[in-house]
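*Asks:* structure here, sequence nowhere to be found:
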């Protein structure tokens, strides 16, 4: 049972690390938004959406870091119990 828990947490950590290595869709959209703003500097709707995108990205990054820490803590705890 503990081995299964350890294996599950390990698999979730692998998936989480893959997330970090993927190209960011946020970056792609930011580049597109910046290109639009170069052509139309007064496009307020694009500016507003770029701001919202940055805020959403920050929120997602914070939640992701918390989840990764929780997974690492669970993994460490499972390893600790296996050593007992």
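*Replies:* Structure received. Computed from a prediction, not measured in an experiment: that's the story for all the values here.
*Asks:* just the helices in the protein please.
*Replies:* With helices called from DSSP state H, the chain shows them at 2-21, 25-39, 44-83.
*Asks:* list the buried residues of the shortest one.
*Replies:* In this case it means helix 25-39. Of all the residues in helix 25-39, those buried under the rule 16 or more other Cβ atoms under 10 Å are 33, 36. Using the backbone N, CA and C atoms, a C-beta is placed for each residue, glycine as well.
*Asks:* could you give the angle of it to helix 44-83?
*Replies:* Helix 25-39 and helix 44-83 are oriented at 160 degrees to each other (axes from the mean of the first three to the mean of the last three Cα atoms, to 10 degrees).
*Asks:* and helix 25-39, how far out from the chain's middle?
*Replies:* Between the centre of helix 25-39 and the centre of its host chain there is 20 Å, according to Cα atoms, centre = their mean, to the nearest Å.
*Asks:* give the other helices and strands that that helix contacts.
*Replies:* helix 44-83 (3 or more Cβ pairs under 8 Å, 6 or more residues apart in numbering; DSSP states H and E).
*Asks:* quick check: which ranges of this structure have low pLDDT?
*Replies:* 1-6, 9-10, 15-23, 84 (pLDDT under 70).
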